[in-house]
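A.B. asks: build the 3D model from these lines:
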Amino acid sequence: MSAVGVAAAALLALAACGNNKDCKDACDKLVACGLTSSSFSCDDNCPEPDASCAACINDEACADILAVCGTAGTRLPCGASQIQPK
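C.D. replies: Numbers count the residues shown, from 1 in each chain. Predicted coordinates:
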């Protein structure tokens with residue numbers, strides 16, 4: 001499978017997100033995964049699209065987040081938040 005196919009499959013896996021839209025939890029998880037975000041809200045009750053983004057982060061294992069977002073400049077499939085390694 002090509003790199004584009006692998007990335008597309010990983011993004012589809014992230015598309016099925018959970019219900020925890022707490023951005024503070026998502027920020028804590030990003031830290032635990034060794035990632036940072038340039039513009040992601042870390043408020044408990046954050047607005048969209050960050051809330052949907054948080055639901056994806058909170059529902060995925062670090063390895064899955066890293067597979068999609070673990071290179072500088074790669075965007076999580078929501079909003080303009082850039083998730084990248086520390």
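A.B. asks: Ile65: how many residues sit nearby?
C.D. replies: Residues within reach of Ile65, counting by other C-beta atoms under 10 Å, total 23. Where C-beta positions appear, they are placed from N, C-alpha and C, glycine not excepted.
A.B. asks: give me the nearest residue to it, chain neighbours excluded.
C.D. replies: Cys33 (5.7 Å; C-beta to C-beta, 6 or more residues apart in numbering).
A.B. asks: show me what contacts the one you found?
C.D. replies: In this structure, Cys33 makes contact with 62, 65-66, judged by C-beta atoms under 8 Å, 6 or more residues apart in numbering.
A.B. asks: swap in Leu66?
C.D. replies: 33-35.
A.B. asks: among those residues, which are in strands?
C.D. replies: Among those, DSSP state E puts Leu35 in strands.
A.B. asks: now the contacts of Leu66 in JSON lines, with distance to Asp43?
C.D. replies: What follows is the contacts of Leu66, written out as JSON lines (distance: C-beta to C-beta, whole Å):
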{"residue": "Cys33", "distance to Asp43": "19"}
{"residue": "Gly34", "distance to Asp43": "22"}
{"residue": "Leu35", "distance to Asp43": "18"}
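A.B. asks: lowest pLDDT pick from the contacts of Leu66?
C.D. replies: The lowest pLDDT within the contacts of Leu66 belongs to Leu35, with 84.
A.B. asks: who's the closest residue to that residue other than its chain neighbours bridged to?
C.D. replies: In this structure, Leu35 finds its nearest non-sequential neighbour in Ile83, 5.4 Å apart by C-beta to C-beta, 6+ apart. In this entry, Ile83 is beta-bridged to Ser37, by DSSP bridges.
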